[in-house]
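# this is a predicted model, with the sequence first.
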Amino acid sequence: MRKPRLYYGWIVVAIGFLTMLLTMGIFFSSGVLFAAIIADQGWSRAAASLPFSLALITYAGTAWLAGRLFDRYGPRRLFPLGAICLGIGIIVSAQTQAPWQLSLSWGLLVAQGYNLAGFAPHLALAALWFHRRRGIATGIMLSGASVGSLVIVPVAQYLVNAYGWRLAYTILGTAAMVCLVPLNAIWQYHKTADLGLYPDGVTPRPSRGHPISAGPSAASWTLGGAMRTGRFWLLFVLVCGLGWLSNLVSVHQIAHMINAGVPSLLAASIVGLLSLFRASSSTICGGLSDRFGREVVFSLGTLLSCLGLTLLVWLAPTAPGWLLYGYALTYGLGNGVFASVYAAATADLFFGPSLGTILGVLELGWGLGGFAGSWVGGYWYDRWGSYHDIFALTIGVALLSCVAMWLAAPRRLRRDRPVLPDKP
């Protein structure tokens, strides 16, 4: 039988990219829905924002469950279920008449679609299909989220302007189910062994006393075993820091730009440009981490992000215009590094049948950090009337995450042998 030219793992990555694009793009369009509901229904901002905050809490609290379901049932069952939750939740959200109804539809149903077909299961899926090229595969798959925010958010705004928010989100919910359910149910696969393949498409050579196996899948990490190690908690600290950084900046960056005298349309365009740089960085730097190590590339991303935050702090009505574009370039490239490199490092350290569950529990840290970061950013501004100091503090949080990556030290365990839990 002739060996196929294209390793099926790249098809898995392509399907994951498209799934992340639609799932994350629709989820990130919450700002469009938020503005449309306020204008049409006259709800207070506090009441209208509650369902979207609830969605973040729901995601953080149940990410471990999505990881566990992925480990047990695989993507062919889990991702279509997530797409159905996402689609029905969006369609129901488009019919809501009161905040409590939106809390149930978006805060629970849409959040579970984001959960079941979102980050943690896709991170685990890329790790199962790739070992040597794990970084670049993870980066390509996760870049779908950035491309989704770049593409779907403007599409959502166009549909809202053209047809109204109710019909617009009915269309988006239907499209999510029609596209993602058959795509994943038919062509997605859980493990390389399902097709008789090996990670990276490379058949290992047998050696004396060492029979051929499926590579790193021999590792036997469980959630309990991982949680008994210091490395797990270092990664948890790292992810909390990333959640703080990502959510504080994403929630408050446009408000800070407008306070600095930047027109709202230009501020939104800068965020779109930032997403483009982030998508490119996720793919490129994931591959670089395969070659130069997770810690080195993560450090590069941290330095770029800190430089970007510094430029954001310097924004003022009298500041030169290049600061905005410098911020989009440096922070976009830096922030794009984190998810793919962190996910690959986690797989390097804790590869095994419970990887999805482990990644899901770590996502709890991202949710906690994100909730704290977005809230503290708002409180800080209300208390002191400026974002400058909280952005400066966030630079310290980013550096703390980088230190945690170096202490977790995936470089010591990555290349040629699976890592086994420490003996009690």
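Received the coordinates, thanks.
# what about I186, how many neighbours?
Neighbour count of I186, defined by other Cβ atoms under 10 Å: 10. For the C-beta atoms, the positions are set from N, CA and C on the backbone; glycine is no exception.
# ok, and what's touching the strand or helix carrying it?
Using DSSP states H and E, I186 maps to helix 165-187. With Cβ atoms under 8 Å, 6 or more residues apart in numbering as the test, helix 165-187 has contacts from 11, 15, 18-19, 22-23, 26, 29, 32-33, 36-37, 40, 75-76, 79-80, 82-84, 86-91, 93-95, 113, 117, 152, 156, 159-160, 162-163.
# mind checking which of these are in helices?
11, 15, 18-19, 22-23, 26, 32-33, 36-37, 40, 75-76, 79-80, 82-84, 86-91, 93, 113, 152, 156, 159-160, 162-163 (DSSP state H).
# pretty sure A83 sits against L18.
No. Using Cβ atoms under 8 Å, A83 is not in contact with L18; the gap is 11.2 Å.
# run a quick neighbour tally on the nearest residue to F28 once chain neighbours are set aside.
Counting by Cβ to Cβ, 6 or more residues apart in numbering, the nearest residue to F28 once its immediate chain neighbours are dropped is S149, at 4.4 Å. Using other Cβ under 10 Å, S149 is surrounded by 25 other residues.
# again, but for A60
Other residues close to A60 by other Cβ under 10 Å number 21.
# got the angle for the particular helix or strand that has it in it vs helix 30-41?
Under the criterion of DSSP H and E, A60 resides in helix 45-73. Helix 45-73 runs at 140 degrees relative to helix 30-41, counting by axes from the mean of the first three to the mean of the last three Cα atoms, to 10 degrees.
# picking that back up, pull out the buried residues from the contacts of helix 165-187.
Those of the contacts of helix 165-187 that meet the buried threshold are 15, 18-19, 22-23, 26, 29, 32-33, 36-37, 75, 79-80, 82-84, 86-91, 93-94, 113, 117, 152, 156, 159-160, by 16 or more other Cβ atoms under 10 Å.
# residue nearest the centroid of the chain?
F119 (4.9 Å; Cα atoms, centre = their mean).
# give me the pLDDT value at it.
Here the pLDDT value assigned to F119 is 82.
# what residues are up against the closest residue to it other than its chain neighbours?
If the residues on either side of it in the chain are set aside, F119 comes closest to E363, at 6.5 Å by Cβ to Cβ, 6+ apart. Listed by Cβ under 8 Å, 6+ apart, the contact partners of E363 are Y59, A60, A63, W64, G67, F119, A120, V239.
# can you list the domains in this protein?
Structurally, the chain divides into domains by automatic domain parsing as follows: 8-192, 221-412.
# which residue comes closest to W314 once chain neighbours are left out?
L323 (5.9 Å).
# quick one: contacts for the one you found?
Contacts of L323 (Cβ under 8 Å, 6+ apart): L311, W314, L315.
# so for the helix or strand where the first one lies, mean pLDDT?
The reference is to L311. L311 belongs to helix 294-314 when assigned by DSSP H and E. Taken as a whole, helix 294-314 has an average pLDDT of 94.
# same question, stretch 143-153
Mean pLDDT, computed over stretch 143-153, is 84.
# do the same with stretch 362-374
On average, stretch 362-374 scores 84.
# got the buried residues for that stretch?
In stretch 362-374, counting by 16+ other Cβ under 10 Å, buried: L362, E363, L364, G365, W366, G367, L368, G369, G370, F371, G373, S374.
# once you drop chain neighbours, what's closest to the third one?
Nearest-residue entry for L364: A60, 5.3 Å, with adjacent residues in sequence omitted and distances by Cβ to Cβ, 6+ apart.
# got the contact list for that neighbour?
E363, L364, W366, G367, L368, G370, F371.
# is it true that the fourth one touches W64?
The reference is to G367. No. G367 lies out of contact with W64 (Cβ under 8 Å); the separation is 10.7 Å.
# surely F130 and D200 touch.
Yes. In this structure, F130 is within contact of D200 by Cβ under 8 Å, at 5.6 Å.
# common neighbours of these two, please.
With Cβ under 8 Å, 6+ apart as the test, F130 and D200 both reach G9.
# higher neighbour count, those two?
F130 (26 against 18).
# secondary structure class of the spatially closest residue to the more buried one that is not a sequence neighbour, three-state.
By the measure of Cβ to Cβ, 6+ apart, the closest residue to F130 outside its immediate chain neighbours is A137, 4.2 Å from it. Following DSSP: H, G, I helix; E, B strand; the rest coil, A137 is assigned to helix.
# may I see the buried residues of the helix or strand containing L142?
Using DSSP H and E, L142 maps to helix 134-163. The neighbour-count check on helix 134-163 (16+ other Cβ under 10 Å) flags 134-153, 155-157, 159-160 as buried.
# and the helix holding I186, how far out from the chain's middle?
20 Å (Cα atoms, centre = their mean, to the nearest Å).
# any idea of the mean pLDDT for that helix?
95.
# next, count neighbours for the residue lying closest to L81 once chain neighbours are set aside.
Leaving aside its sequence neighbours, L81 sits nearest to L116 (Cβ to Cβ, 6+ apart; 5.7 Å). Applying other Cβ under 10 Å, we find 27 residues neighbouring L116.
# L116 contacts C85, doesn't it?
Yes. Counting by Cβ under 8 Å, L116 touches C85, with 6.3 Å between them.
# and A126, how close does it get to L183?
17 Å (Cβ to Cβ, to the nearest Å).
# who's more crowded, those two?
A126 (28 against 18).
# show me what the helix or strand the more buried one falls within is packed against.
Element membership for A126, per DSSP H and E: helix 119-129. Counting contacts by 3 or more Cβ pairs under 8 Å, 6 or more residues apart in numbering; DSSP states H and E, helix 119-129 is packed against helix 8-28, helix 45-73, helix 75-93, helix 134-163, helix 322-350, helix 355-384.
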